[in-house]
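*Asks:* the following block contains a protein sequence and its predicted model.
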Amino acid sequence: MATASAEIMPAPTASTVQNACVNASRAVPASSPASGSGIFTAAGAAERARLVTDLMTSSRISPALGVAGGRIRPEWLVPRARDAVLAAATVTLHTQLVEHDPERLGTCASARCGDVFVDASPGAHRRFCSVTCQNRERVAAFRRRRKSGS
């Protein structure tokens, strides 16, 4: 049940998903089975759904409805303010898994990076979290080829 001191969060929009997913991987407590990038490296949709459900349960998130500009909109109640960041990240992951392909979550292929990403590419071939990581890996591969060829 929601209390009077509950934090109210609006439902996430598509523009917040990428940043929130990166934040989610960092906001999950180390003691959680979904810690770090666990949701992003899970074996499949069922495991991802279970991990997000566990996070929603542990942070005691409750769905609610609010009114803004005369329109009803979805909101989420969080009874403990200290859980607000984790709850926001968890709700965003929940929305991502429900509305999009659950296999479109991933971790950066760069050996020097541990960030996560949501693959919004048309062919679902994204491997890196950013162009910076992609370019760094391409330059390193070029240098390795050039060194071994000399």
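*Replies:* Right, received. Where do you want to start?

*Asks:* can you tell me the SS state at W76?
*Replies:* What DSSP: H, G, I helix; E, B strand; the rest coil gives for W76 is strand.

*Asks:* residue boundaries of the strands in this structure?
*Replies:* Along the chain, the segments classed as strands by DSSP state E run 7-10, 62-68, 71-78, 105-107, 116-118.

*Asks:* list the contacts of A109.
*Replies:* 127-128, 133, 137 (CB atoms under 8 Å, 6 or more residues apart in numbering). All C-beta atoms are positioned from the backbone trio N, CA, C, and that covers glycine.

*Asks:* any stretches of this protein with poor pLDDT?
*Replies:* Residue ranges of the chain with pLDDT under 70: 1-37, 150.

*Asks:* where do the helices sit along it?
*Replies:* Assigned by DSSP state H, the helices in the chain fall at 17-27, 38-41, 45-58, 84-99, 131-149.
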